[in-house]
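Asks: Mind looking at a prediction? Sequence and model below.
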Amino acid sequence: MTNRKLFPKCLIRKKMDRGTSEIVFNGSVAVAVWCDKRPIYFVATKYIDSPEVSVLRYSAQEHKRVPVTCPKIAQAYNSFMGGTDRNDQVTKLCRIRRHYKWPRRLLVKFFMWAVYNAYIIHDYQVPHKRSGHRYVTFHSFVSLLCHELVGAFRRSATPVSRRPSNTVIDTRLINSGSSPQHLAERSASATSNQRCAVCSERYNRAKRQEPSATSSVLPKRTKTVYRCTACNVYLCVGSGKDNCFAKYHSVVEYWR
């Protein structure tokens, strides 16, 4: 961490060429910076006099792994880094949605750490890399764990809205008395995204008869902002055959 006390500020870099490095010595302690995709900093008391080595890194320009010059300190760290670093590296790839409140972030981190420990223990029981089987990644292990925790539990069935019963249909066709019972109004909550019930029913029935038909040959589904005050159904208001409002309240099979 470059903000630690007595860290040599001369080594702090914003940009460096890939494979370049610099080292500053203070007796038996060395501070090094090496650039892979970005500058990475090390403090070490070992491998400080070792010559640089070459490691393979993927190049997006050449679309293959290419040799990159690397200090012995960085190579040793990548070879021998243990559980904590590997935990942070793997769980960061499966990061949960970030919360603004730190207790929630800490709680989610505890869960992810526990899941990673379970992932390591699971490798001893069932090896993640087996011949003839797909490699068990941490992401797939998390998905498997969630399914195991849920088990046979399923959400209760949601009631599905059904078509109007015969009683409602009869009410739809009743328009007696001196004053009309079905009036068209422009709803204040209409957003011009509501489809006409007559046009939609005509489209759905044609689609069921010809599932492979495209929308260009099927009946048009018209959008409208008008609805019936009594039926609370959005309908087209037009003239002649396009007057779905009148057809809905006068014909039993209004979709024909």
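Replies: Okay, I see it.

Asks: Averaged over its residues, which helix or strand of this protein has the lowest pLDDT?
Replies: helix 166-173 (a mean of 59; mean pLDDT, DSSP states H and E).

Asks: What's the first helix or strand after that helix?
Replies: If you walk from helix 166-173 toward the C-terminus, the next helix or strand you reach (DSSP states H and E) is strand 184-186.

Asks: Tell me which other helices or strands that next one touches.
Replies: Applying 3 or more Cβ pairs under 8 Å, 6 or more residues apart in numbering; DSSP states H and E, one finds that strand 184-186 contacts strand 226-228. (Glycine included, C-beta is placed from N, CA and C.)

Asks: neighbouring contacts of the helix or strand that the strand it packs on is followed by?
Replies: Helices and strands here follow DSSP H and E; after strand 226-228, the next one along the chain is helix 244-248. The contact list for helix 244-248 (Cβ atoms under 8 Å, 6 or more residues apart in numbering) reads 172, 182, 184, 196-199, 222, 226, 228, 231, 233, 235-238, 254.

Asks: How far does helix 244-248 sit from its chain's centre?
Replies: 43 Å (Cα atoms, centre = their mean, to the nearest Å).

Asks: Equivalent analysis for stretch 209-217, please.
Replies: Using Cα atoms, centre = their mean, the distance from the centre of stretch 209-217 to the centre of the chain it belongs to is 32 Å.

Asks: Alpha carbons of that stretch, as CSV, please.
Replies: Included here for stretch 209-217 are C-alpha records, laid out as CSV according to Å, rounded to 0.1, in the frame of the first residue of the first chain:
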residue,chain,number,x,y,z
GLN,A,209,-54.1,-21.1,-35.1
GLU,A,210,-50.9,-20.2,-36.9
PRO,A,211,-48.0,-20.3,-34.5
SER,A,212,-45.4,-19.8,-37.2
ALA,A,213,-47.1,-16.7,-38.7
THR,A,214,-45.3,-13.4,-38.3
SER,A,215,-46.8,-10.2,-36.8
SER,A,216,-47.0,-8.6,-40.3
VAL,A,217,-49.7,-11.1,-41.4
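
Asks: Show which residues not belonging to it make contact with it.
Replies: Counting by Cβ under 8 Å, 6+ apart, the neighbours of stretch 209-217 from elsewhere in the structure are 206-207, 218.

Asks: go on, stretch 34-47?
Replies: Defining contact as Cβ under 8 Å, 6+ apart, one finds that stretch 34-47 is touched by 1-2, 11, 13-21, 28-33, 57, 68, 70-74, 76-77.
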